[in-house]
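Undergrad: got a structure for you, letters missing:
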């Protein structure tokens, strides 16, 4: 079975500062992908970043980067130079080599001006 | 470029009524999925399809039916709505299997309330 745990229901960060959102997961698969999705109040699910499990190099997308620790089954998201537009729910998701994507419960990020 | 289109955006049903949530994509994606999102929880997979004529169950399939007669459309049917099906429903599509790197595109969701 695949499970995803986000232990931080809410986080806040000051504008221009850095924040890290935590995610741990469990899977018996050796090949899988991990994702971070952003959901603003509009409800749209927006892919922020994805990581292939067999790649040791951490993925980066502009101000967003991940710390992928495969042995520890940890996949945290770091947002640098936080902006007001980053305020949203953030979901960590895991997908093994099929179409079954499992999501964590989400972390609500508030950005303070 | 419409992407993934869900209709309706909002719906209120009475217990026992039936309805179909529509999902259409114009990206020629083989893979389509339906998720539900409940307060305090992430999205949970209901059903998915790997191509026309092929469907399979996800994590929470009970009370829902799907079919995939064309590549573009993947409707979700509630045969007898129950209050427990009150949720926000998302449809997603991807060119390839998400687990091998396929990027999922999501619709904007349907908020369903069953009274």
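TA: Received it, and whenever you're ready, just let me know what you need. Keep in mind that this is a model prediction, so the values were computed, not measured.

Undergrad: From the chain's centroid, how far away is the helix or strand residue B:46 falls within?
TA: Using DSSP states H and E, residue B:46 maps to strand B:43-51. Relative to the chain's own centre, strand B:43-51 is displaced by 7 Å; criterion: Cα atoms, centre = their mean, to the nearest Å.

Undergrad: Let me see the residues that make contact with that strand.
TA: Residues outside strand B:43-51 that contact it (Cβ atoms under 8 Å, 6 or more residues apart in numbering or on different chains): A:45, A:91, A:93, A:99-103, B:30-38, B:55-61, B:64, B:66, B:68, B:71, B:74, B:76, B:89-90, B:97. All C-beta spots, glycine's among them, are computed from the backbone N, C-alpha and C.

Undergrad: List the beta-bridge partners for the residue nearest to residue A:29 when sequence neighbours are not counted.
TA: Nearest residue to residue A:29, sequence neighbours excluded (Cβ to Cβ, 6 or more residues apart in numbering or on different chains): residue A:96, at 3.9 Å. Following DSSP bridges, residue A:96 is listed with bridge partners residue A:32.

Undergrad: thinking again about what came up before, and the next helix or strand after the strand holding residue B:46, what does it pack against?
TA: Using DSSP H and E, the helix or strand that follows strand B:43-51 in sequence is strand B:54-57. Contact partners of strand B:54-57 among helices and strands, from 3 or more Cβ pairs under 8 Å, 6 or more residues apart in numbering or on different chains; DSSP states H and E: strand B:43-51.

Undergrad: Next, the buried residues of the strand it packs on.
TA: Burial within strand B:43-51, assessed by neighbour count using 16 or more other Cβ atoms under 10 Å in any protein chain shown, is assigned to B:43, B:44, B:45, B:46, B:47, B:48, B:49, B:50.

Undergrad: Show the end-to-end separation of stretch B:2-18, please.
TA: One end of stretch B:2-18 to the other measures 27 Å (Cα to Cα, to the nearest Å).

Undergrad: for stretch B:46-61, same thing?
TA: Termini of stretch B:46-61 sit 5 Å apart (Cα to Cα).

Undergrad: Centre-most residue in chain A?
TA: residue A:36 (3.3 Å; Cα atoms, centre = their mean).

Undergrad: my guess is that residue contacts residue A:67, does it?
TA: No - counting by Cβ atoms under 8 Å, residue A:36 sits too far from residue A:67 to count as a contact (11.6 Å).

Undergrad: Please work out how many residues are found near residue A:2.
TA: 17 (other Cβ atoms under 10 Å in any protein chain shown).

Undergrad: wouldn't it be in contact with residue A:93 here?
TA: No - between residue A:2 and residue A:93 there is no contact under Cβ under 8 Å: 9.8 Å.

Undergrad: I'd like the distance between the residue of chain A found nearest chain B and residue B:15.
TA: Of all residues in chain A, the one sitting closest to chain B is residue A:103 (2.9 Å; Cβ to the nearest Cβ). Per Cβ to Cβ, to the nearest Å, residue A:103 is found 28 Å from residue B:15.
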